[in-house]
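*Asks:* Below is the sequence, then the predicted model.
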Amino acid sequence: MSAWDWSRLAALDLPALLCGSALALAASSAGTLLLLRRQGLFADGLSHAVLPGVVLAFLWTGSRAPAVLLAGGLSAGLVLALATRATARRAPLDAGAVLGALYPLFFAFGLLLLEGASGGDLDLAPSHVLFGQLEQLAWRAPSDLEGWLDPASYRRLPGLVWHSLGLWLGSALWLRLAGRALFASGFDPVGARLLGLRPGLFEAATLVCCAAIAVGLFQVGGVVLALALLLVPAACARLLTDRYRTQFRLAALFGVLLIWAGYGLAVFLLPALLGTQSLSAAGGISSLAGLLLLGVARFGPRRARV
């Protein structure tokens, strides 16, 4: 491979793969936890509902900083959760049905806000809403070994890369510290209360964690990537094993493999075969995710309902 190729890989592809891998690890844990608690539809709702919060946060502050957009997305996710719970308590409807009716409203409102933003100043174009900007992340990579060994070089990495790494480390720490309490609260709330735990508090904390990951996925890969990484790796792992720890490990492995394989498919393989420029990385990752889920469901050792 030529020097130009290595330079291109370091400057354009390394940030995207780092960012995507970190988000895949975080999303696989969140998705597995949601599926085990039979809240898989909530992942779908979160990936759509964060849009109005992200747009409003930008319009309010004029900043595209990850922390600002994260706060807006978290607020929208919390509003969705509270609205779902309040409506389900007042109406004779299942919470899943209420959520399925509410999150399209959030997404539609976010799209209206996007279209109403004047002058095209809003950096969230409709194409970014669907497919994100994973393949557009870039940094000024070091040109020699001394530069690669210099910690200051990595400060130039895009902010979304550090944001994604922080989400991964935060979600891993949360599962490590509160894993047993989360399972006890999710599977047996009455028993958890007898043990002195507060299921409502753990549920709210889980919501915040999942919403933060959904916002990170939305910023980088749009709705398409958020749906693929929150649900597919966890669903595939759930179909392959009943062991909880193994499910988390398999989901993480599937998530990272999808990032690398899907990125390579969209950015390198298909453009070389078709003679075109690089395609949407989120589209390639999500396409492979769908094929993976179909393959595991068809040929996997178990086909119990997730």
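*Replies:* Sure thing, it's come through. Residues are numbered from 1 along each chain as shown.
*Asks:* Give me the neighbour count for Ala252.
*Replies:* 23 (other C-beta atoms under 10 Å). All C-beta spots, glycine's among them, are computed from the backbone N, C-alpha and C.
*Asks:* how far away is it from Ala67?
*Replies:* As for Ala252, its distance to Ala67 is 25 Å (criterion: C-beta to C-beta, to the nearest Å).
*Asks:* what's the answer for Leu225, then?
*Replies:* Counting by C-beta to C-beta - Leu225 and Ala67 are separated by 21 Å.
*Asks:* swap in Leu265?
*Replies:* Distance of Leu265 to Ala67, given as C-beta to C-beta: 32 Å.
*Asks:* out of the two, which sits in the more crowded spot?
*Replies:* Neighbour tally, Leu265 and Ala67, criterion other C-beta under 10 Å: the higher count belongs to Leu265, 19 against 11.
*Asks:* quick one: contacts for that one?
*Replies:* Gly284, Ser287, Leu288 (C-beta atoms under 8 Å, 6 or more residues apart in numbering).
*Asks:* helix or strand for the first one, which one?
*Replies:* It stands for Gly284. Take DSSP states H and E as the rule and Gly284 turns out to sit in helix 281-299.
*Asks:* List the buried residues of that helix.
*Replies:* Ala281, Ala282, Gly283, Gly284, Ile285, Ser286, Ser287, Leu288, Ala289, Leu292, Leu293, Val296 (16 or more other C-beta atoms under 10 Å).
*Asks:* What does the pLDDT read for Gln277?
*Replies:* Here, the pLDDT recorded for Gln277 equals 77.
*Asks:* How about the secondary structure of it?
*Replies:* At Gln277 the chain is in coil, as set by DSSP: H, G, I helix; E, B strand; the rest coil.
*Asks:* Any figure for the gap between the nearest residue to it once chain neighbours are set aside and Gly283?
*Replies:* With C-beta to C-beta, 6 or more residues apart in numbering as the criterion, Gln277 has its nearest non-adjacent residue at 6.1 Å, and that residue is Pro271. From Pro271 across to Gly283, the span is 13 Å (C-beta to C-beta).
*Asks:* Can you tell me the number of residues neighbouring Glu135?
*Replies:* Around Glu135 there are 21 residues (other C-beta under 10 Å).
*Asks:* What's the separation between the nearest residue to it once chain neighbours are set aside and Leu111?
*Replies:* Leaving aside its sequence neighbours, Glu135 sits nearest to Ala281 (C-beta to C-beta, 6+ apart; 4.3 Å). Distance from Ala281 to Leu111, counting by C-beta to C-beta: 22 Å.
*Asks:* What's the separation between the nearest residue to Thr61 once chain neighbours are set aside and Ser153?
*Replies:* Computed as C-beta to C-beta, 6+ apart, the closest residue to Thr61 that is not its neighbour in sequence is Val68, at 5.3 Å. Going from Val68 to Ser153 by C-beta to C-beta gives 26 Å.
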